[in-house]
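Asks: structure here, sequence nowhere to be found:
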């Protein structure tokens, strides 16, 4: 029998409030679930409950200000079918997504949630506490839901990780024909988040999934976190949106063309 | 106990050659695996073996020509760290990715593989044959590996699908606070492909994964396929790369600026 992976959502996680101890909530849910974690298990935790536990809550009236405050760089803006404006931005964490991760679904009425301050650190604390109290070597992925260019809909990706490799090491290995595979580097962190989303769902309160059978990815707590997934914008072929880049180019081109038209020296 | 999903790779799929019957190969592998499919199972099939069975093989010397032939639209070009040029293109299927999906890993020496001609149709044939011969209602996802903007590494996504919903229907449903969720539309097709990749791996010959426990997504064979995931480029904020858009804008701006500088009437 090949690699078998079991993925399930933990039942019994209550509505999370600021200051709650997520490790304790997860341990209680595991007891109620009748299950125990084993070495190599990976927990996929929806960032929303991490934000709630960390008190990353602001008034909904301040939503646009919150997005602005979380934004490091505007990547693109677009008009939605409903007439609203979507801001695709790079946030403090380097993550490019709509609304800087500011979330207004499944939140208390009148409030919105910011992303955790440092999801890799949150994952490290949670994984460390679970390893100590349960005596098992587990990994933690903190997931968020992101749209993407060119494809409709969203998928869950890893925005925090600890004790688990977020990239599978294929670089330098050989494929079955003996050739070196230099380019492929599967982002298993994002794939774990996606697998977790299949069982967690967005409507039910199942913010934690367990992935069992991927223990080969689990390691020390100081493995590179999900921040290592973020590509440096300077290396990105899509660092700003098409309209934004076109506009910037037009302005530069107009200035240069105007000067040339007036016969000014362009050296 | 909540939703439990089991994902495993089918052992015993041989090297696929042009003309092979994938449904038969999968049935043989299922027998050897000692398992049977049940209603609601979803098979995640690496596009590579579909391409091989369909004979979508060309000589490696013709690789660049093949990419050009598969390309509908160049989205962006960039220089790789190794000095080579990456072409991000939209291919016949509408999918935006590097090298138009032309694949030179795990192929016979001196050859490269093109994507299946119509992966949704291939999935429909495969799902139909398996449903008929095994008497179970299964879904099929055909997966390929894609890079993405802003995040390093690759994940597997759905490029073909039959008998399975590729989007989860959340539009119009209410979240746990009673608000309508209008925007979220999880692309479960891509998430199934990602979950399959976790067990299939890229180095071993395990091109088929079974996902059990997501039967709620399985339906009629004529459900919209993976083509429905592809966003119309006109609606995309990143329809061409930053450099390409900047250059086009610069040229337009220069022409307009030059005319203005010479005092020509711009009306």
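Replies: Alright, I've got the coordinates. Computed from a predicted structure; not experimentally measured. Numbers count the residues shown, from 1 in each chain, chains lettered A, B, ... in the order given.

Asks: scan chain A for its longest helix.
Replies: Ranked by residue count and defined by DSSP state H, the top helix of chain A is helix A:242-261.

Asks: what does it contact?
Replies: Contacts made with helix A:242-261 from outside it, assessed by Cβ atoms under 8 Å, 6 or more residues apart in numbering or on different chains, are listed as A:74-77, A:240, A:266, B:236-263. Heads up, the C-betas are built off the backbone N, CA and C, glycines and all.

Asks: quick one, which of those residues are buried?
Replies: Taking 16 or more other Cβ atoms under 10 Å in any protein chain shown as the criterion, what is buried in those is A:75-76, A:240, B:236-250, B:252-254, B:256-261.

Asks: for residue A:45, what are its contacts?
Replies: Residues near residue A:45 by Cβ under 8 Å, 6+ apart: A:22, A:26, A:123, A:126, A:140-143, A:207-208.

Asks: you'd agree it is in a strand?
Replies: Yes - in this structure, residue A:45 lies within a strand as judged by DSSP: H, G, I helix; E, B strand; the rest coil.

Asks: could you measure from it over to chain B?
Replies: Spatial separation of residue A:45 from chain B under the definition Cβ to the nearest Cβ, to the nearest Å is 15 Å.

Asks: could you give the bridge partners of that residue?
Replies: residue A:142, residue A:208 (DSSP bridges).

Asks: re earlier: any quick PyMOL command for the buried ones out of the contacts of residue A:45?
Replies: The following PyMOL command selects only the buried members of those, with burial defined by 16+ other Cβ under 10 Å:
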select buried, chain A and resi 22+26+123+126+140+141+142+143+207+208
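
Asks: nearest residue to the residue in the stretch 151-267 of chain A positioned nearest to chain B in space, please, no chain neighbours.
Replies: Here the residue of the stretch 151-267 of chain A nearest chain B is residue A:261; by Cβ to the nearest Cβ that distance is 2.2 Å. Ranked by Cβ to Cβ, 6 or more residues apart in numbering or on different chains and with sequence neighbours excluded, the top spatial neighbour of residue A:261 is residue B:261, at 2.2 Å.

Asks: what about that neighbour, distance to residue B:6?
Replies: Look at residue B:261 and residue B:6: by Cβ to Cβ, to the nearest Å, they are 69 Å apart.

Asks: swap in residue A:54?
Replies: According to Cβ to Cβ, residue A:54 and residue B:6 sit 33 Å apart.

Asks: more neighbours, these two?
Replies: The residue with more neighbours, out of residue A:54 and residue B:6 and counting by other Cβ atoms under 10 Å in any protein chain shown, is residue A:54; that gives 21 against 18.

Asks: skipping its backbone neighbours, what lies nearest that one in space?
Replies: Closest residue to residue A:54 in three dimensions, ignoring its sequence neighbours and counting by Cβ to Cβ, 6+ apart: residue A:116, at 5.6 Å.

Asks: that neighbour and residue A:104, how far apart?
Replies: Applying Cβ to Cβ, one obtains 16 Å for the distance of residue A:116 from residue A:104.

Asks: host element of the residue nearest to residue A:230 when sequence neighbours are not counted?
Replies: Nearest residue to residue A:230, sequence neighbours excluded (Cβ to Cβ, 6+ apart): residue A:94, at 3.8 Å. Residue A:94 belongs to no helix or strand when assigned by DSSP states H and E.

Asks: got the phi/psi numbers for residue A:94?
Replies: Listed backbone geometry of residue A:94 is phi 90, psi -10, with angles given as degrees, to the nearest 10.

Asks: contact partners for it?
Replies: With contact set as Cβ under 8 Å, 6+ apart, residue A:94 has these partners: A:72, A:227, A:230.

Asks: the helices in chain A, which residues?
Replies: A:22-33, A:47-53, A:63-70, A:119-134, A:188-200, A:242-261.

Asks: would you mark the buried spots in the third one?
Replies: Think helix A:63-70. By 16+ other Cβ under 10 Å, the buried positions in helix A:63-70 come out as A:63, A:66-67, A:70.

Asks: same thing with the first one?
Replies: Counting neighbours by 16+ other Cβ under 10 Å, one finds that the buried residues in helix A:22-33 are A:22-23, A:25-27, A:29-30, A:33.

Asks: same question, stretch A:53-64
Replies: Within stretch A:53-64, the residues that count as buried by 16+ other Cβ under 10 Å are A:53-54, A:56-58, A:60, A:63.

Asks: which one of those is nearest chain B?
Replies: Top of the list for closeness to chain B, among the buried residues of stretch A:53-64 and by Cβ to the nearest Cβ, is residue A:60 at 11.0 Å.

Asks: is it true that that closest one touches residue A:113?
Replies: No - look at residue A:60 against residue A:113 with Cβ atoms under 8 Å: they stay out of range, at 10.1 Å.

Asks: need the residues touching each of those two.
Replies: By the contact definition Cβ under 8 Å, 6+ apart, residue A:60 and residue A:113 are jointly contacted by residue A:104.

Asks: list the contacts of residue A:190.
Replies: For residue A:190, the set of contacting residues under the criterion of Cβ under 8 Å, 6+ apart consists of A:155-158, A:166, A:229, B:151, B:153, B:155, B:194.

Asks: same thing but 6 Å
Replies: Contacts for residue A:190 (Cβ atoms under 6 Å, 6 or more residues apart in numbering or on different chains) come out as A:157-158, B:155.

Asks: look up how far residue A:64 lies from it.
Replies: 29 Å.

Asks: could you do residue A:94 as well?
Replies: As for residue A:94, its distance to residue A:64 is 22 Å (criterion: Cβ to Cβ).

Asks: and residue A:200, by the same measure?
Replies: In this structure, residue A:200 and residue A:64 are 29 Å apart, going by Cβ to Cβ.

Asks: any idea how chain A splits into domains?
Replies: In the assignment given by automatic domain parsing, the structural domains of chain A cover A:6-56+A:115-236, A:57-112.

Asks: now those as CSV including distance to residue B:214?
Replies: Putting the domains of chain A into CSV (distance: least, Cβ to Cβ, whole Å) gives the following:
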stretch, distance to residue B:214
domain A:6-56+A:115-236, 6
domain A:57-112, 22
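
Asks: and those, which one averages the lowest pLDDT?
Replies: For the domains of chain A, the stretch scoring lowest in mean pLDDT is domain A:57-112; its value is a mean of 88.

Asks: for the residue most central in space within chain A, list the residues it contacts.
Replies: When chain A is reduced to its mean C-alpha position, the nearest residue by Cα atoms, centre = their mean turns out to be residue A:159, at 2.8 Å. Contact analysis of residue A:159 by Cβ under 6 Å, 6+ apart lists A:47, A:119, A:142, A:144, A:226.

Asks: which parts of the lengthiest strand in chain A are buried?
Replies: Counting residues, the longest strand in chain A under DSSP state E turns out to be strand A:151-162. For strand A:151-162, the buried set under the neighbour-count rule, 16+ other Cβ under 10 Å, comprises A:151-162.

Asks: check the offset of that strand from the chain's centre.
Replies: Centroid separation for strand A:151-162 versus its chain: 5 Å, with Cα atoms, centre = their mean, to the nearest Å.

Asks: and what of stretch A:121-137?
Replies: On the basis of Cα atoms, centre = their mean, stretch A:121-137 is displaced by 20 Å from the centre of the chain it belongs to.

Asks: chain B versus residue A:110, what's the distance?
Replies: Applying Cβ to the nearest Cβ, the value for residue A:110 to chain B is 10 Å.
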